Each structure stands twice: as C-alpha cells, then as structure tokens.
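Q: One predicted model, sequence on top.
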Amino acid sequence: MKPIIGNIFKHDFSFTDEQALAYAQLSGDTNPVHVIKSYGVQSMFGRCIVHGFSVSVFFQKCTEYYCTPMGICLLANGQNTSNLFLP
C-alpha cells in the first residue's frame, strides 16, 4: 500500500503511573512533575506528565507500526527525534 497524502492514522494509548515512574527511575530523571501527583496537580499542566523522550519513543513505535509496511523508512538520528524518508 502506497502512502497517500491526507491519510489519517489513529492509535489510542495512555501511559500508566507505573510506566512513568519506571522510566523516571531508569533514566534518573525524577523531576517531581513526572512522579509526584501533588506537585503535578499544582503545575501548569494540572497533573503529572510523562517524560518527553517517552512520547518520542511512542511516536517512533507508532510510525514504525503504521508506516513501515507502506514503504516509509524511519531513522532515528540519535537526538531524541526521528526523520521520515519516503521511497
């Protein structure tokens, strides 16, 4: 299947508190906005938020899952971002 401009792909996913805490412990980034609910509620976000890199990895996995079968190559550039290349 060739990619078509305008196609929309939807994938629902939620990070659990346990996943956010596990990432904080593994990465060493225990910023309170990621792991302490009372702090998160008082933040500008109104709740705890997941680490930005967690979201990047999730986006990469979704892109690999939905786009690779259509001939799109995803390459990580080592800087927490990804580049898409169409054939």
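A: Received it, and whenever you're ready, just let me know what you need.
Q: Got the phi and psi for the residue nearest to Ser27 when sequence neighbours are not counted?
A: Distances taken as Cβ to Cβ, 6 or more residues apart in numbering place His51 nearest to Ser27, at 6.8 Å, with adjacent residues excluded. Backbone N, C-alpha and C define where each C-beta goes, glycine included. In terms of degrees, to the nearest 10, the main-chain angles of His51 are phi -60, psi 140.
Q: residues in contact with His51?
A: His51 is in contact with Ala20, Tyr23, Ala24, Ser27, Asp29, His34, counting by Cβ atoms under 8 Å, 6 or more residues apart in numbering.
Q: Serialize the residues you listed to CSV and add fields for pLDDT.
A: Below are those laid out as CSV (pLDDT from 0 to 100):
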residue, pLDDT
Ala20, 87
Tyr23, 88
Ala24, 90
Ser27, 88
Asp29, 89
His34, 90
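Q: Buried only: go through these for me.
A: Listed as buried from those are Ala20, Tyr23, Ala24, His34; burial here means 16 or more other Cβ atoms under 10 Å.
Q: any idea how far Glu18 is from Gly6?
A: Per Cβ to Cβ, to the nearest Å, Glu18 is found 37 Å from Gly6.
Q: Which of the two has more residues huddled nearby?
A: In this view Glu18 and Gly6 are compared by other Cβ atoms under 10 Å, and Glu18 has more residues nearby, 8 against 5.
Q: Secondary structure class of that one, three-state.
A: helix (DSSP: H, G, I helix; E, B strand; the rest coil).
Q: follow-up on the earlier one: okay, and which of the contacts of His51 map to helices?
A: Among these, the members found in helices (DSSP state H) are Ala20, Tyr23, Ala24, Ser27, His34.
Q: roughly how far apart are the residue nearest to Ser27 and Gly6?
A: On the measure of Cβ to Cβ, His51 and Gly6 end up 32 Å apart.
Q: Low-confidence ranges, this structure, go.
A: By pLDDT under 70, the weakly predicted segments of the chain are 1-4, 7-11, 62-87.
Q: again, only this time at 90
A: For the chain, the stretches flagged by pLDDT under 90 are 1-17, 19-21, 23, 26-27, 29, 49-87.
Q: Okay, strands next: where are they in it?
A: 73-76, 82-85 (DSSP state E).
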